[in-house]
Every structure is written in structure tokens, then in C-alpha cells.
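>>> Prediction below, plus the sequence it came from.
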Amino acid sequence: MALIAALLCAAFAASAQLAVSDLKVNGLCEPMGVEGPPVFSWIVTSDRSDTDQAAYRLSVTGGGRTFCSAWVDSGVSTGVTADFPLQPDTRYDWTLRVRDNHGRQSRPRTGTFHTGVCGRWQAVWIGVPGDIRTRPTPVYFQCAPVLRKPVRSATAYVTAHGMYEASVNGKRVGDGYLTPGWTSYDRRLQYQSYDVTNLLVRGENCIRVVVAPGWWASGMNWGEPEKRFRYGGDLSLLMEIRVRYADGTAETLATGPSWQMSRSGPVCDASIYDGQTIDACREYAWEPASVQEIPLSHIVPSVAEPVRVRAVLKPVRVLTTPRGEQVLDFGQNLVGWERVRLRGNRGNRVVISHAEILDGAGNFYTENLRTAKAQSVYYLSGEENVFEPTLTFYGFRYIRVEGLDGPLNPDDFEAVAVDSGFEQTGHFNCSNQTINQLQSNIYWSFRGNFVDIPTDCPQRDERLGWTGDAQVFFRTAAFNGDVKNFFRKWLATLADDQRESGAVPRSIPDTFRQTEYAANAAGWADCATLIPWRHYEAYGDLSILAAQYGSMKAWADYQLSHSQDHLLNTFYQPFGDWLFLHYANDPRGESAVTSRDLIAQCFMAASLDAVARSAALLGKEADAAFYGHEAKLAREAFCREYVTPAGLVSSDTQTAYVLALYFDMLPESLRTQAAARLVANIARYSDHISTGFLGTPHICEVLSRYGHSDVAYKLLLQKTCPSWIYPISKGATTIWERWNSIRSDGTILGGMNSFNHYSLGAVGDWLYRWAAGLRETSPGYRTFVVDPHPGGDFTFMEISLRSPYGDIAVRWEAEDNRMVSLSVTVPVGTRAEIHCPDGIVRTVGSGKYVF
């Protein structure tokens, strides 16, 4: 096998080319709205083995100036900064060359970026005031500038109180939706930048923007609509287009008193929970726009990819339910909206409702939406109309159509799936098609709930950025997509919303500001420390730790200030191991109840560790020593309080052993027998999982780490409830919120019950890191290990990951659960420790290897 590897490497070196690709600034390709020193990254590729970048040289040109670095001796190709002054609203071109350790030099590659407003707004806010207690109706704004000279370039900068869509001369501006995105608006409001050069014409132009309530004013949280959280009652717009003419002159088209507004237009209503109403007959009623006194100080450029269309699906079947409802099935639970072509009499009303499932009788089921209407309402013009409700979103697989005569034509309907527009980075495939479906379910839940923020669910009257869900799923997310900037944005909002005490709200953005309820929940609030650390592990970007360190430290200090004798047990823990296996009538005590204080102690130690390690990397030596020592004391207190001398962990549940082992709470001498106790507990539940949100992500990893991958595979492949495969047997195409969302008899669990909820899909992390065997051993996969754990009668498993340094690929084949072949691709500039089928561990540089 080693000979095959050598031959492949020899062929790899034959043509000997060196190239650079994936040129990015601030993690984005050709971004607009850059403010502050730009951060550069790239990927080096080579067809010669054992290649490392030895040096790089970059030059930046723009604003009449050129910055050119000397050759920098470095193998780093991520997080490269160049400190030079930037001018606002300016295009910059940057050119990169690299040299490798073989003495070769790449051809130059060029990228671009465009700077933002940099605080120098010329526009003023215009809008309609409103009552914060009620949801406003959408407002339109427009102006009709006359451009008398040819345009060389034009850039639009836009934000709003509300959710906006802009058009120029009837053409949509940009490919992003649900803008300006969701942040804690009174502390951080994003603006977007667009190149509109090709949309403007010489002569008269029409610039039009609709602003709907969106996250700003729809009213978030469940309960009575008038008591829901709103940031404000107004709908307002701030926009300017900076135009440069071919003759070198410039002009700014900015919102102000010269603009018009209309409280009437095709979009009659739009909100997050209830949906959107569009009337094709409705006329505009223009009046002068009102200038609003709104501060500009908290406006920042967008740092992450916008929400974009990911896929467009056609119906797979049209059905009439037992109740006589006309329903279309798109075959996949998704997040987005419908696009429909409708014909009928002028003024006819068509209502489209959305549902994730049909009930046991085959009828349209919406009870799990609770108070969310989730409906599109269309009024027809009398001609053919195409409707698309893009100022809201729904979670659905099925739509019910009311108000049309005759049978439905499936060609008239499409489902538009949207998500935050970052690229897919990971791929998984194996010999077991049911597990491939599980991966598909994980991926669709991930994409559907990463819509500008990491939501818990996309369909009911909630759709909030629950911190615990994001915390448990981060590593699974970071494999499947490039969530680097997505989480940078969300973590900045977390720091904005963190209480002065250091407590972390249960959802971000925080819509529960009126109370302290659940602002200190173990496993939820710890996202403030654990996500930045795992982000650094995944992407190797130290700046995320620098940016979040104050927030991380504040949460750690909050926990310490509420501890007694290093035990965190002084306040109520609201969630614990959320949605663990429990029984309504449980005389034998088989419900898997884990002490909430025990859980809190484990997460406190993990948070203290994350702060200590971050402090060490940031050069904060005193902090590193202090928090490292506190973590040690927290573990010692855990053992005194929750562990018997013989090694029994209090609660004696799967989650108790999983967290104790995963977070290294036990001394080395007790860990092996604790793992054995975990295995015995699983056997008592007939090889079923009993964990909830906090234990589930780590149970299979703990089993593999302590030599019990065979048991991990038993859990993975378990067919009856509770298990990951059980929902698939019930037709699931996404991950369920509960293990038993649909009971074995086909009845549906009432109340809180989402059929698109990614948390329990965190098992994906074990599939990628342990079953397939790819784990980083230094940040950003600069070094990594390939150590597969075959089992479960799988005959092959393969994954690929676009890491910060390039593409990693792993494929193993097995016979009788023993690995017989292994192929690995190692990108330029990295090193891999490969556990080969012959039992030898080999360390290799870049190249393609077969063992």
C-alpha cells in the first residue's frame, strides 16, 4: 500500500504547477462595504506533493494609491492583514503571488473589494412613525432622479427600520433577501452595499423601496400579539446612491425631503409569523416623505453573506386530502416561500397555507404552528399574476391552496428554498442509504434554520436565535458550511445583548429583555465561550477570540460570582438536558433525569477552560493562569459533589456520564469505568439513546474516544424510538425537535413540536470526526488526523471538507467492520497524521495518498 502512495505522489509531481485561488477579503469574495483594515485569505494548490507556501507578496491599489508589500516569509494564507488607510466608497484591487518550498512562484491573481460609507452618510432617515404596540403595514418610498451624463459607476448603500427590498427602474437591487438582517437594532444596525451601475440609465430613473415590518416591528416571541417584542413602531429608510460619471464628476442620490412615500401599494401586509398579503390591484398613493430624527452612530456594514435563494423545487405530487383540501407536496421540508402563477377574475382572493406534515389521516396539519398564521394571501388583477412573498418566510413541505376554481396545475407552483448564502464546505456519503438520508436531513435543517441567524425552528410563532441550539450544533454546522462570518455577526450581537452582569440571554438577538428569565442557562449561555473557541479551532482565526474575549470573560466571571465553594448551584437552571427521554407515567423511574446543577458544573468548567486558553493565545498570561486554576477547582468540586469514590456519577444517566467524560470532569483513574457505566446504561435502555439537547451531541464521540464505537454504531442504527433513524421511517426529511414528534401509532405530539429543528442532528459531528475520522489537531486544519472508526457493517464512508487551507478528502472501505483501504487528500501547507489499515501511523504533507 505504501508503494501505491509513493506512485501517486510521483504522478502528482509530474506537471509541477503552483496556483492560488479563493481570494477573499474579510472572508468574502469581492465584498462591498469593507470598513477597517482588510483581512486577506487565499488557498494554494499544487500538483506536486509535500508543497508548502514559503512566502507571499500582495499589492493593493485604489483611491489613487498603491500599497505593495515585500515578500513575506510565511506559510500562513488566512488572516493576513495589511494596515493602510482606506478611503470610503472606493474600489480596491489586490494582487497576490506566492512562492513554495520548491522554489516555484505562482502566477499573479487579482481580487477586488469596495469600501463602505465609513460613517460619512449624506442621506437622512425618512419614514412613517408608529406605535410600538402594534404591527405597522408596509410603506413604499421612491424618487425619480434625472441623470444627464453617462455613468461610470454607482454604488447604493441601504438600511432600514424594517425589512426592505429596493429596485431601480423595475429591476431588483442585489440578490439578498430579508435585508438588513436581524441584529439587536438599537445597538447594531447593518447596511448593505450594492453595485447598481448597470441598473441606472441616462435620463429619468425610478428608485423604489418597500419597507415591511420584518424582525424590527412584526412582534417576536409567542403569546398575545400586542405583548410581543418590537424594536420600534416606525418603518423608515436610509439610502444613498453614489454616482460617478464618465467625465470624472460625482453626485449622491440620497433619501431626504425630496423623496415620496406611499402607505398603499401591492404589499398590503407582511410579518414574520403571519405571512404576506399582496394585492395586484392596489394603487400607490404618493405623498411627500417625512424626515425622521434617527441616530446614525450604530450603523455598521454587513459582515456576513446575505440570505439568498438556495434551490427551487417543483411539486412531486398534487393531492386532495380526506377533508377535500387541495394540497401540493414538494417532497422536502424546507424554508422559504412559494412562487406561484395565478389566473382568475379581478379581485379574486387566493390563500396559500403552509405545513410541514400531514396528519395520520392525510389531512393538512398546522397545529404545531401555534398562533402563527403562516399564510400568503393574493388578490388577483384579472390577468396572469406571478406572486412571490419575499418579505417573510415559512417552514413547509406542503401548501394548501384555497380560492382557485378547478384542479391545481403543478406547473404553476414552485417552492423557493432560502438560507444565508455561505458556501457548502462539507460532503458526506456512505454505503448505508438510511444514514445518507440522515445526513440529508441534517443538511436541510442546518440550511433552513441558518436564515441570517441560527434559529431553533422556521415555522411557528418563535423562530428565535436560541443560544443552546447554536452551541450544540456549531461543529456540525462548521463542517457543512462556511459559517465563519455568519457566526462572527451573530456573536457580535450576543456581546451587544449580554447583560451588564455578564449573564447571557437565552436567545440572540434578545427578545426577552423585560426579564432575567433564562439569562444564565447552562449549555445555553455557555455559547458565549464555547462557540468562539470552536470557531477558532475550525477556522484558525484568532481575531474572533480577540473580538469576543470581553464577552467570554464576563460570562465566566458571572458563573464564578454565583458559585459557592466552586459549585455553580445557587440559581435555578431552567432547561437542563432539554427534551431528554421521559415518560408521563413513570412508576419505575426510567425517565432519564439529569441533575441540572451537575450539568451547570460541567459547562462552567468548559467555559473557564475556553477563557483560559483564549487568554493564553491573546497574551493575557495572568487571566490564563487564573481561569485555568478556576477550571481545575471546578472539576475538583464536581468530583466531591457528584461522584462517589467508586465512580458512580450522580443521576446515573447517559447525559451525566457523557458530560463528565466529554468535559474531562473525572480523574484519569475513573474515566474508563465511567465509560463502561455509560455502555451499561445504554444496554438498560435496549440500545436506545435517552439524552436531550446537551447530551446528544457528544454521546457517540465519548463512546468512540473510550473504545466503544460498536455501541455508538448501535445507537446510530437503532430503528425504534428514540433514535435518529426512527423519524426517517416516518418520512422525515429534516431533523425533528423531539425524538417522538410523531408517535409509533401515527399520532402527533401536541404543543411545542417542530419538524425542522437541527439540535438532535449534532450527531453529524461524530459521523465526520470519528466514523469518517477527520479531526483538526491545530486550528484551521493546519494539521489534522485521519483516524477512521469503521463499524455498523458499513462497507465504505467518504467525506470531503474545504478547509481554510484547501480541500481535504477521506474515503475508507471496510470488510467485516475492519478497514481494508484508505485514501486521503492533504492540501498544500498542511500535515496529516494518518492511521492506516496496516496499523502504522504515517505523517504526510500535501498530496493524494492511498493505503
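Nice, thanks for sending it over.
>>> For the spatially closest residue to D510 that is not a sequence neighbour, give its distance to A528.
Of all residues not flanking D510 in the chain, D497 sits nearest, at 3.9 Å (C-beta to C-beta, 6 or more residues apart in numbering). Heads up, the C-betas are built off the backbone N, CA and C, glycines and all. Distance of D497 to A528, given as C-beta to C-beta, to the nearest Å: 10 Å.
>>> Which one's more surrounded, these two?
A528 (29 against 23; other C-beta atoms under 10 Å).
>>> which residues sit in contact with that one?
Residues near A528 by C-beta atoms under 8 Å, 6 or more residues apart in numbering: 467, 494, 498, 504, 548, 551-552, 554-555, 607.
>>> out of those residues, who's nearest L648?
Nearest to L648 out of the contacts of A528 is S607 (C-beta to C-beta; 25.6 Å).
>>> is it true that the closest one touches C527?
No. At 9.7 Å, S607 and C527 do not qualify as touching, with contact defined as C-beta atoms under 8 Å.
>>> okay, those two: which has more neighbours?
Ranked by neighbour count (other C-beta under 10 Å), S607 and C527 place S607 first, with 31 against 28.
>>> ok, now which ones touch the more buried one?
Contact analysis of S607 by C-beta under 8 Å, 6+ apart lists 526, 528-530, 552, 555-556, 559.
>>> Could you say which of the residues you listed is surrounded by the most neighbours?
Highest neighbour count within the contacts of S607: T529, with 31 neighbours (other C-beta under 10 Å).
>>> Now it: which helix or strand?
Here T529 sits within helix 527-539, counting by DSSP states H and E.
>>> buried residues in the very next helix or strand once past that helix?
The helix or strand immediately downstream of helix 527-539 is helix 543-561, counting by DSSP H and E. Of the residues in helix 543-561, 544-545, 548-549, 551-556, 558-560 count as buried by neighbour count, 16 or more other C-beta atoms under 10 Å.
>>> Which strands or helices does helix 543-561 pack on?
helix 484-497, helix 527-539, helix 596-617, helix 621-642 (3 or more C-beta pairs under 8 Å, 6 or more residues apart in numbering; DSSP states H and E).
>>> roughly how far out does that helix sit from the chain middle?
22 Å (C-alpha atoms, centre = their mean, to the nearest Å).
>>> Where do the strands of the stretch 751-851 of the chain begin and end?
Ranges of strands in the stretch 751-851 of the chain, per DSSP state E, counting those that start in this stretch, are 774-776, 783-786, 796-803, 806-815, 818-826, 831-835, 841-844, 847-850.
>>> about what we covered before: could you dump the buried residues of helix 543-561 into JSON lines and include pLDDT?
Below are the buried residues of helix 543-561 laid out as JSON lines (pLDDT from 0 to 100):
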{"residue": "I544", "pLDDT": "98"}
{"residue": "L545", "pLDDT": "98"}
{"residue": "Q548", "pLDDT": "98"}
{"residue": "Y549", "pLDDT": "98"}
{"residue": "S551", "pLDDT": "98"}
{"residue": "M552", "pLDDT": "98"}
{"residue": "K553", "pLDDT": "98"}
{"residue": "A554", "pLDDT": "98"}
{"residue": "W555", "pLDDT": "98"}
{"residue": "A556", "pLDDT": "98"}
{"residue": "Y558", "pLDDT": "96"}
{"residue": "Q559", "pLDDT": "97"}
{"residue": "L560", "pLDDT": "98"}
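>>> Out of the residues you listed, which is nearest to A522?
Among these, Q559 lies closest to A522 (C-beta to C-beta), at 8.9 Å.
>>> The helices and strands packed on helix 543-561: which one's closest to G275?
Closest to G275 of the helices and strands packed on helix 543-561, according to C-beta to C-beta: helix 484-497, at 25.3 Å.
>>> Could you export the closest one as CSV, keeping only the C-alpha atoms?
What follows is helix 484-497, C-alpha atoms only, in CSV (Å, rounded to 0.1, in the frame of the first residue of the first chain):
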residue,chain,number,x,y,z
LYS,A,484,-17.2,31.8,9.7
ASN,A,485,-18.8,35.2,9.0
PHE,A,486,-22.3,34.0,9.9
PHE,A,487,-21.2,33.4,13.5
ARG,A,488,-19.0,36.4,13.6
LYS,A,489,-22.1,38.6,13.0
TRP,A,490,-24.2,36.6,15.5
LEU,A,491,-21.6,36.6,18.2
ALA,A,492,-21.2,40.4,17.9
THR,A,493,-25.0,40.7,18.6
LEU,A,494,-24.6,38.3,21.5
ALA,A,495,-22.0,40.7,23.0
ASP,A,496,-24.4,43.6,22.4
ASP,A,497,-27.2,41.9,24.2
